[in-house]
Each structure stands twice: as structure tokens, then as C-alpha cells.
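1. Could you work out the structure for the sequence below:
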Amino acid sequence: MLDTHESIQKRFFQMMMSKSPVDRLRMGCSMFDSAKQIVRSSILERNPDGSPLEIRKEMFLRFYGQDFQPDQKIKILDAFK
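-> Residues are numbered from 1 along each chain as shown. Predicted coordinates:
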């Protein structure tokens, strides 16, 4: 979906590229941390009594579940401790 005017996209890209690589990495890490908090809150809302292991497994499935075949997911989830 492209609902942003091309000139704005270019300006945003220029602003991001004007930041140092370290600043861009920090921004990315911060966004990922925020995403994890949102997903974790959603999981706890649906399953407030979930164990830490259950929460970790569900977070894995939410973030990476589409990246693996069913048999691969089972192996990965079985390896969680």
C-alpha cells in the first residue's frame, strides 16, 4: 500500500539516511523492543495465566511462525526450555 506522496517518501528516506548507522540501529532495536512488548501484552491479555515458556512459544509463533514449515515449527517449539 502506497498512500504517502512520493516527495514525502523521498524526504523521509533522506532524513533517515542523514542519521548515523548507530542511530539507525538504535531506532530499529527500539522499534523491535516495542513490538515485542505489544505482542507480549496481547498474549497475556488472551492468556493471563500463561507460563513464561508458553509466552515465549507464542511470541516465536507470532514473529516467526510463517517462516517455517509445520514440521520445522514443531522441532523448534520442542527445543524451547
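2. Can you give the contact residues for stretch 73-81?
-> Contacts of stretch 73-81 from elsewhere in the structure, counted by Cβ atoms under 8 Å, 6 or more residues apart in numbering, are 53, 56-57, 60-61, 65, 68. The C-beta positions use only the backbone N, C-alpha and C, and glycine is treated the same way.
3. let's see 10 Å
-> 53-54, 56-58, 60-61, 64-69 (Cβ atoms under 10 Å, 6 or more residues apart in numbering).
4. nearest to residue 20, of those?
-> Minimum separation from residue 20 among those (Cβ to Cβ) is found for residue 64, which lies at 29.3 Å.
5. And that closest one, how close does it get to residue 49?
-> Remark: distance between residue 64 and residue 49 (Cβ to Cβ, to the nearest Å) = 24 Å.
6. higher neighbour count, those two?
-> When residue 64 is set against residue 49 and neighbours are counted by other Cβ atoms under 10 Å, the residue ahead is residue 64, at 11 against 6.
7. Torsion angles phi and psi at that one?
-> The phi/psi pair for residue 64 (degrees, to the nearest 10) reads phi -130, psi 0.
8. And the pLDDT at it?
-> Note for residue 64: predicted pLDDT of 96.
9. For it, list the residues it contacts.
-> Contacts of residue 64 by Cβ under 10 Å, 6+ apart are 73, 76.
10. What's the local residue count around residue 58?
-> Neighbours of residue 58 using other Cβ under 10 Å come to 20.
11. now do the one 4 residues further on
-> Under the neighbour criterion other Cβ under 10 Å, residue 62 is assigned a count of 15.
12. Which helix runs longest in the protein?
-> Counting by DSSP state H, the longest helix found in the chain is helix 21-46.
13. Go through that one and flag the buried ones.
-> By 16 or more other Cβ atoms under 10 Å, the buried positions in helix 21-46 come out as 40, 43.
14. Now do that helix, average pLDDT.
-> On average, helix 21-46 scores 97.
15. Start the count at 8 instead of 1 going forward.
-> Taking 8 as the first residue, the last one we looked at is helix 28-53.
16. just checking, what packs against it?
-> Packing partners of helix 28-53 (3 or more Cβ pairs under 10 Å, 6 or more residues apart in numbering; DSSP states H and E): helix 13-25, helix 59-71.
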